Each structure stands twice: as C-alpha cells, then as structure tokens.
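Visitor: Next comes the sequence, and after it the predicted model I'd like to discuss.
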Amino acid sequence: MSIALFLDFDGTLVEIAPRPDAVQVDPDLVPVLERLRTRLGGALAIVTGRPVGVIDDFLAPARFDVAGLHGVERRLDGVHAGGRPEDHPDLRAEVPRLQHRVADLDAVLIEDKGASVAVHWRLASPEDAARAEEAVKASAAALGQAYRLQLGKAVGEIVPASATKGHAIRAFLEEAPYAGLRPVFLGDDRTDEIAFASVNADGGVSVRVGPGDTAAPRRLADPEAVRALLRAWADGAPIEPDALPPA
C-alpha cells in the first residue's frame, strides 16, 4: 500500500534552535522534499505548530501542503483555510495579559501566531522558566474549555481545543492525493503524541525523532537521521516505514 507522508518541522526536519527564528535549514532539504513529493504522487505534507507562512519562508521557494498551528490552519493544493486571528477574540484579548505576566522575565519569548500563542523559555534561568510556565498555564486556565495548553520542549502553547495534529492528518486523508493511503507521521515532541496515537489507530506508522517515552512504534535518532532517510527515499530506496528501528 502506498503511503501519505506527514512531517513535523522543528526537531524533525530541522534542529531546534534557541529562538524560533534562528532555525537553520539544510540546503539539501527542499530539493529532497520536492523529489520525494513527486515520488509519492504529491502525498507529502508538513504538520507543524508554526504558521503556514513561516514554513513557506523557511522552505522557499517551494510550496508544500501544510497544516499549521497544530491544525488551526491548513493549505492543500494551494487552497488555504483557517488561522484567522479575528476568529479568536478571547485569545486576542488574553495575549496582552500574558505578555504582562512575563514582561519581567529574562530570555522568555512570546511567539504570537495570531490564532495561537506560545511562550518559549529555552534560554531562561530555571526560576524564570518555572514562572513562564505558570504564566502560560494561568492564561490557558483563564480562557476556559475553548482552548487548551500543550507543553513541549521548553515551550507552552495555547491553541484552540479542537486543533490537534491528529485531526489535521485525518483531514488530509479525506482528500486527494492523500485519500486511501497509509499515513506515516514523523515528529519529535510531546505535542506530536496525539498524532502518533491517531496514526497508529488508523493503521499507519508513527516515528518518534529523538529520545523519550512515546506511543510511536518506530524511532529515528535526530533530524540528521530523518534527512538521511528522506534523501534515500527520494532517490529511489524502498519506502518501508515498518522496517525503521523500533522505539
């Protein structure tokens, strides 16, 4: 059975950087993804917490199918849907309060994505990191059940409760060229575990990148290993996700 390939971005295709805007993209990555997309008949998408436009900037000049903001927005075959900040007035009202809560913390960064908001504390002291986590938890609690907090690697992000990468992948699988294909998803973080469970339940293969407990049955060591695998698949190697190393 042919596969539909879904790829996280940070920590999977590229190494995690101290700041979200400091990511370095391997010069070979875009041409590899383009060749592999052609081999898969177009069934390759990026599934990320980043906005679609930011992924476009990192992977320019190519344009891929993307589920951004953990599925809040999605672009398929050039058609964009979701992700409008004005559709989230309660979140927009909470962002200034969150900014005030962390204003006195050193090396804590707020990434306002319009329809979601993330607080990063990778470079902060342990004390400031703990306060940043408490601040984003307080904002999530204030927003109520319409939003949820997902914690990742030195980051906490508030997203609409209905948005998950698992839902985003299933939405792709309902439409061409993904429909009827076996899903394969590669991700590296706690935020990807919901999608791993979803892909597993749908008979696909999930692959954890890096260490940590996981629902994924397969594992790759790091983004360099991911890029090597994608390069081999793009260049004609058998696409056998079930043969990847066990988690």
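Guide: Everything's here; your move.

Visitor: from here on, contacts and neighbour counts on C-alpha atoms
Guide: Noted.

Visitor: Next, the contact list for the most centrally placed residue in the chain, please.
Guide: Centroid-nearest residue in the chain, with Cα atoms, centre = their mean: T48, separated by 2.2 Å. When contacts are counted by Cα atoms under 8 Å, 6 or more residues apart in numbering, T48 touches 7-10, 66-71, 165.

Visitor: try G82
Guide: By Cα under 8 Å, 6+ apart, the residues touching G82 are 72-74.

Visitor: Would you pull up how far the helix ranked longest in the chain lies from the middle of the chain?
Guide: Using DSSP state H to assign secondary structure, the helix with the most residues in the chain is helix 126-143. Mean-position distance between helix 126-143 and its chain equals 21 Å (Cα atoms, centre = their mean, to the nearest Å).

Visitor: Repeat that for stretch 83-103.
Guide: 21 Å.

Visitor: and if you look at stretch 181-195?
Guide: So, by Cα atoms, centre = their mean, the centroid of stretch 181-195 is 9 Å from its chain's centroid.

Visitor: Check stretch 87-105 too.
Guide: Offset of stretch 87-105 from its chain centre (Cα atoms, centre = their mean): 22 Å.

Visitor: buried sites along that stretch?
Guide: For stretch 87-105, the neighbour count (16 or more other Cα atoms under 10 Å) marks 88, 91-92, 95, 98-99, 101-102, 105 as buried.

Visitor: Of the residues you listed, which belong to helices?
Guide: 91-92, 95, 98-99, 101.

Visitor: And the pLDDT for the most far-flung residue of the chain relative to its centre?
Guide: In terms of distance from the mean C-alpha position of the chain, D104 ranks first, at 28.9 Å (Cα atoms, centre = their mean). Turning to D104, the model gives it a pLDDT of 94.

Visitor: Contacts only, for R84.
Guide: Contact analysis of R84 by Cα under 8 Å, 6+ apart lists 114-115.

Visitor: roughly how far apart are it and Q24?
Guide: Distance, R84 to Q24, by Cα to Cα, to the nearest Å: 27 Å.

Visitor: Quick one: residues contacting L40.
Guide: 2-4.

Visitor: So which residues of this protein form helices?
Guide: Under DSSP H, the chain gives helices at 29-39, 52-58, 89-101, 126-143, 165-172, 193-201, 223-234.

Visitor: which of these is buried the deepest?
Guide: Most buried of the helices of the chain, by mean neighbour count (mean count of other Cα atoms under 10 Å): helix 165-172, with a mean of 22.

Visitor: CA atoms only: put that one into CSV for me.
Guide: Provided in CSV are the C-alpha atoms of helix 165-172 (Å, rounded to 0.1, in the frame of the first residue of the first chain):
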residue,chain,number,x,y,z
LYS,A,165,-2.1,17.4,14.6
GLY,A,166,-4.0,14.1,14.6
HIS,A,167,-7.2,15.9,13.4
ALA,A,168,-5.1,17.7,10.8
ILE,A,169,-3.7,14.5,9.4
ARG,A,170,-7.1,12.9,9.3
ALA,A,171,-8.4,15.9,7.4
PHE,A,172,-5.7,15.5,4.7
